[in-house]
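*Asks:* Make a model of this:
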Amino acid sequence: MSVPIPGLRVLAAVATGAVLVGRPRGVVHVHRGDLTRSGHAVPATARPVCGVRSRRLRVFLDATQVGRLVGFTGAAGDDLTILTRGGARRLCRTCTALLPARLGGGSGALVSREDWLTAYAGLTTSDLLVAASWARTVDETHQVQHVTQMLFGSRHQAPELHKAIEARRQALVAATRTADEIAAARAYRAAEDHNRRLLLTARRTEALVERAQRKRRAGRYLMPNEREALATG
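*Replies:* Model prediction:
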């Protein structure tokens, strides 16, 4: 788990001063550097992380607006996507691929717990909720959960975060199931429900027989269903 997933790198970049920028249409880029005096656009001479030459890129989101970022992927293996006023926009693949693991915290892979904390201690619960929605594989959900546990603790300390991660993991697993696997799982659940009903019925019958036996020993009146239970028991 030495290489952080793209979603974590993008969110950490924004947390440390990067902004998400783009044209009215097309992909969304990551920009690290100066903005225009208004703070709403990238200078004409500047380039996003991927280095693409483009007309004026407008700022979609900065660190102060992460709380309203809605990120998602449609299914396993999809590109990272955000919702903007103009609809769903894909993040630039080159920008996300070129973002370094440490984002200014040094070079090299993240090996120890201290490495991860140094690189990603600035992430918030809102960031990690988006990271969970951006997870494209089951392995990526485990990495988001790993960072969540380091920063915010176990499922008892951060229940909503862990629930979101586990829900994303379940959705990814379900998306990769074949028709035969889905049918087998459905049959297994039906068998489990049937066995559960049989067990519940047996327990109720046992309790009814025990109650009827106590009443008979005490010389009390037995209800018809109690007499029937004794006769068949």
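*Asks:* Show me the shaky parts of this protein.
*Replies:* 1-2, 62-68, 70, 72, 74-78, 102-108, 233 (pLDDT under 70).
*Asks:* Let me see the ranges of the strands in it.
*Replies:* Ranges of strands in the chain, per DSSP state E, are 19-22, 28-31, 58-61, 71-72, 81-84, 87-90.
*Asks:* Would you report the backbone torsion angles of the residue lying closest to residue 86 once chain neighbours are set aside?
*Replies:* Leaving aside its chain neighbours, residue 86 sits nearest to residue 24 (6.6 Å; criterion: CB to CB, 6 or more residues apart in numbering). Yep, even glycine has a C-beta here, placed from its N, CA and C like the rest. When read as degrees, to the nearest 10, the backbone of residue 24 gives phi -60, psi -30.
*Asks:* Surely residue 24 touches residue 84?
*Replies:* No. The pair residue 24 and residue 84 fails to qualify as a contact (CB atoms under 8 Å) at a distance of 9.7 Å.
*Asks:* CA atoms only for stretch 139-153 - export them in CSV, please.
*Replies:* As requested, the backbone C-alpha atoms of stretch 139-153 are provided in CSV (Å, rounded to 0.1, in the frame of the first residue of the first chain):
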residue,chain,number,x,y,z
ASP,A,139,-8.5,-2.5,-2.9
GLU,A,140,-8.9,1.3,-3.2
THR,A,141,-11.7,1.2,-0.5
HIS,A,142,-9.2,-0.6,1.8
GLN,A,143,-6.7,2.2,1.3
VAL,A,144,-9.3,4.8,2.1
GLN,A,145,-10.2,2.9,5.2
HIS,A,146,-6.6,2.6,6.2
VAL,A,147,-6.2,6.4,6.0
THR,A,148,-9.5,6.9,7.8
GLN,A,149,-8.3,4.7,10.7
MET,A,150,-5.0,6.5,11.0
LEU,A,151,-6.6,10.0,11.0
PHE,A,152,-10.0,9.5,12.7
GLY,A,153,-9.9,6.1,14.4
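*Asks:* Now do the residue nearest to residue 40 when sequence neighbours are not counted: how many residues are near it, please.
*Replies:* In space, residue 40 comes closest to residue 59 once its chain neighbours are excluded; the distance is 5.4 Å by CB to CB, 6+ apart. Burial of residue 59, expressed as a neighbour count using other CB atoms under 10 Å, amounts to 18.
*Asks:* now residue 187
*Replies:* With neighbours defined by other CB under 10 Å, the count for residue 187 comes to 10.
*Asks:* Pop the domain breakdown of the chain in here.
*Replies:* The chain resolves into domains spanning 6-175, 182-232 when parsed by automatic domain parsing.
*Asks:* wait, the residue nearest to residue 40 sits on residue 21?
*Replies:* Yes. Counting by CB under 8 Å, residue 21 is a contact partner of residue 59 at 5.4 Å.
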